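Asks: What follows is a predicted structure for the sequence shown.
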Amino acid sequence: MTSAPSTPSRGGTIVARIAQPLLLLAIMWVVRVLDDLLPGDANGEFGLRSWALDGLDGVLFGPGLHAGWSHLLANSVPLVVLGVLVALDGVGRFWAVTGIIAVVGGLGTWVFSAPGVVTVGASGLVFGYFGYLLIRAFVAPSLGHGILYALIATAVAVLYGGSMLAGVFGAPAGVSWQAHLFGAIGGGVAAILMRPRRAVAP
């Protein structure tokens, strides 16, 4: 009898992994440029509109849209920093984690926001990556991995923990604490769902 791998397969080279959040951010920047150049209101058309069935497509498109350049710039650095830390676990894992965060965060925002509110922006993904990195330490396949992930989680908490708490409990008017909270929950869900299998005894 063979044993199952105790650690997740790490898809892609280190360069390929680091490139994934940069690619995601580049797409957001292209979308922002097109939104400025093309007629119409992309946020109103493709953003997540709570309590509206035709606004559910915003679960997919909403994270890539931003209210303006200042909104996008505010999300860019933490998206890349936290996204790279997630992507180091593998290319496929990065996109799977991103997808889970988008779905859980988007649906939570859709349900718990006031009816008709349009939510856009990558901050839900940022909070999701933060949640993933924190919970990952508790579902590591071994003590060694757990210690490594705990050190990363501690560094992330020190760097971003204060702003993350403020983004949920002290979000100013017009800022979606729902997207922040449920994005973070989505990251935790992703860490649990995608936890590596432990070795199976022969």
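Replies: Nice, thanks for sending it over.
Asks: in the helix or strand bottoming out on mean pLDDT in the chain, what counts as buried?
Replies: Of all helical and strand segments in the chain, the minimum by mean pLDDT, DSSP states H and E falls on helix 143-169, at a mean of 78. Neighbour counts over helix 143-169 (16 or more other Cβ atoms under 10 Å) mark 145-146, 149, 152-153, 156, 160, 164, 167-168 as buried. C-beta coordinates here come from the backbone N, C-alpha and C atoms, glycine included.
Asks: packing partners for the helix or strand that comes right after that helix?
Replies: Later in the chain than helix 143-169, the nearest helix or strand by DSSP states H and E is helix 177-193. With contacts defined as 3 or more Cβ pairs under 8 Å, 6 or more residues apart in numbering; DSSP states H and E, helix 177-193 has these neighbours: helix 91-112, helix 123-136, helix 143-169.
Asks: Helix 177-193 to helix 123-136, inter-axis angle?
Replies: Interaxial angle of helix 177-193 relative to helix 123-136 (axes from the mean of the first three to the mean of the last three Cα atoms, to 10 degrees): 40 degrees.
Asks: what angle sits between helix 177-193 and helix 91-112?
Replies: Using the same axes, to 10 degrees: helix 177-193 against helix 91-112 is 140 degrees.
Asks: can you list contacts of helix 177-193?
Replies: 96-97, 100-109, 112-113, 119, 121, 123-136, 138-139, 164, 167-169, 171 (Cβ atoms under 8 Å, 6 or more residues apart in numbering).
Asks: change it to 6 Å
Replies: With contacts defined as Cβ atoms under 6 Å, 6 or more residues apart in numbering, helix 177-193 is touched by 97, 100-101, 104-105, 108-109, 112-113, 119, 124, 127-129, 131-132, 135-136, 139, 167-168, 171.
Asks: Same check on stretch 112-119?
Replies: 47-51, 109, 176, 178-179.
Asks: Pull the most distant pair out of those.
Replies: Spatial extent of the contacts of stretch 112-119 (Cβ to Cβ) is set by the pair Trp51 and Ala179 at 14.9 Å.
Asks: right, and Ile101 touches Val126 too?
Replies: No - counting by Cβ atoms under 6 Å, Ile101 does not reach Val126; the two are 9.4 Å apart.
Asks: what residue is smack in the middle of this structure?
Replies: Centroid-nearest residue in the chain, with Cα atoms, centre = their mean: Leu125, separated by 2.5 Å.
Asks: quick check, nearest of the buried residues of helix 143-169 to Arg17?
Replies: Ile152 (14.5 Å).
Asks: Return the distance of that closest one relative to Phe112.
Replies: Distance of Ile152 to Phe112, given as Cβ to Cβ, to the nearest Å: 30 Å.
Asks: Can you check the pLDDT for Gly12?
Replies: Predicted confidence (pLDDT) for Gly12: 80.
Asks: Identify the residues contacting it.
Replies: Val91.
Asks: Pop out the phi and psi values for it.
Replies: With angles defined as degrees, to the nearest 10, Gly12 shows backbone torsions of phi 80, psi 160.
Asks: In the protein, where is pLDDT below threshold?
Replies: For the chain, the stretches with pLDDT under 70 are 1-10, 141-144, 146, 197-202.
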